[in-house]
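>>> coords please:
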Amino acid sequence: MKRFFLLAAMVLVGIAAEAQLVRSSALTVIREELPPVELGWKHIVDGQIGVDIFDAEPIVGVHYIAAYRFTDNYLAGVGVGIEGADEGFVEIYEHEDISVAVPIYLHGRYYFATHRWSPYVGISAGIYFASKQAYLNNYWEGYEVEGSNPPFTSAFADLNVGLNHRLGADAKNELSIYAGLKFIRQRCVHVWSIPSYDYTYPDGVEIGVEGFEPVVGLYFGTSITF
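Residues are numbered from 1 along each chain as shown. Model prediction:
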């Protein structure tokens, strides 16, 4: 009987030791480090939704950024997109403002870590391009002028902070959520027709720049990097 209890005790000790090794092995797998950050060209697609804090009007946009990851911490590239805003990116006196524009800009990011979850800060600066047909009255001669305007531009810059998540087993793709402030130097213009002495057809349309107004937008966004 004593031999039986001794044998049973030895078996239990062996099972416990094996279970401990399995748990230790599992912990080792869980704690295994992520693969290094993949350097080189990256594609970033993101969407933003925000509000003009002065006029409480919505601003939405979709962007694509072609960027290069130089180091574990630094990324820089060029972005393009399309944005819409109720109050407009260009204010045209006595006419409907331009509410859709194409931003072209430089973008940079600094990642504070290379863990699965990592905070970062980003900055962008560039130009909004917008175009619109003008329908104007020629007060000198009493007829309506239809003209095609050259593109209007408004400068902008934005600063955002976000949280980046490395996805998948190889951690090559990334998902980010972020919030930021966008500063727009909104162009304000007056459009008028060139006086014409030919009563059959107007000479054309001329653009006069009146000045600029500040627009500040608070926005939130999400992006995927691959």
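>>> please identify the buried residues of the strand or helix carrying residue 82?
Following DSSP states H and E, the helix or strand that holds residue 82 is strand 74-85. Under the neighbour-count criterion of 16 or more other Cβ atoms under 10 Å, strand 74-85 has 75, 77, 79, 81, 83, 85 buried. C-beta coordinates here come from the backbone N, C-alpha and C atoms, glycine included.
>>> same thing with stretch 100-107?
For stretch 100-107, by 16+ other Cβ under 10 Å, it's 101, 103, 105, 107.
>>> and the third one, what's its pLDDT?
The reference is to residue 105. Residue 105 is assigned 98 on the pLDDT scale.
>>> which intervals of the chain have sub-threshold pLDDT?
The model of the chain has pLDDT under 70 over residues 1-32, 87-88, 90, 92-98, 132-150, 190-210.
>>> where exactly do the strands run in it?
Ranges of strands in the chain, per DSSP state E, are 40-52, 57-69, 74-85, 90-92, 100-111, 117-130, 133-138, 143-148, 152-167, 173-193, 205-225.
>>> now for residue 162: which residues touch it?
Contacts for residue 162 (Cβ atoms under 8 Å, 6 or more residues apart in numbering) come out as 119-122, 176-179, 221.
>>> among these, which ones are buried?
Looks like the contacts of residue 162 have 120, 122, 176, 178, 221 buried, using 16+ other Cβ under 10 Å.
>>> how about CSV for those, with distance to residue 167 added?
As requested, the buried ones among the contacts of residue 162 are exported to CSV (distance: Cβ to Cβ, whole Å):
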residue, distance to residue 167
120, 15
122, 19
176, 11
178, 16
221, 17
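>>> closest one of those to residue 71?
Closest to residue 71 out of the buried ones among the contacts of residue 162 is residue 120 (13.0 Å), distances taken as Cβ to Cβ.
>>> what's around the closest residue to the closest one other than its chain neighbours, how many residues?
Of all residues not flanking residue 120 in the chain, residue 111 sits nearest, at 4.5 Å (Cβ to Cβ, 6 or more residues apart in numbering). Neighbour count for residue 111, taken as other Cβ atoms under 10 Å: 21.
>>> you'd agree residue 111 is up against residue 72?
Yes: using Cβ atoms under 8 Å, residue 111 is in contact with residue 72, at 7.0 Å.
>>> which neighbours do these two share?
With Cβ under 8 Å, 6+ apart as the test, residue 111 and residue 72 reach no residue in common.
>>> residue 114 and residue 155, how far apart?
34 Å (Cβ to Cβ, to the nearest Å).
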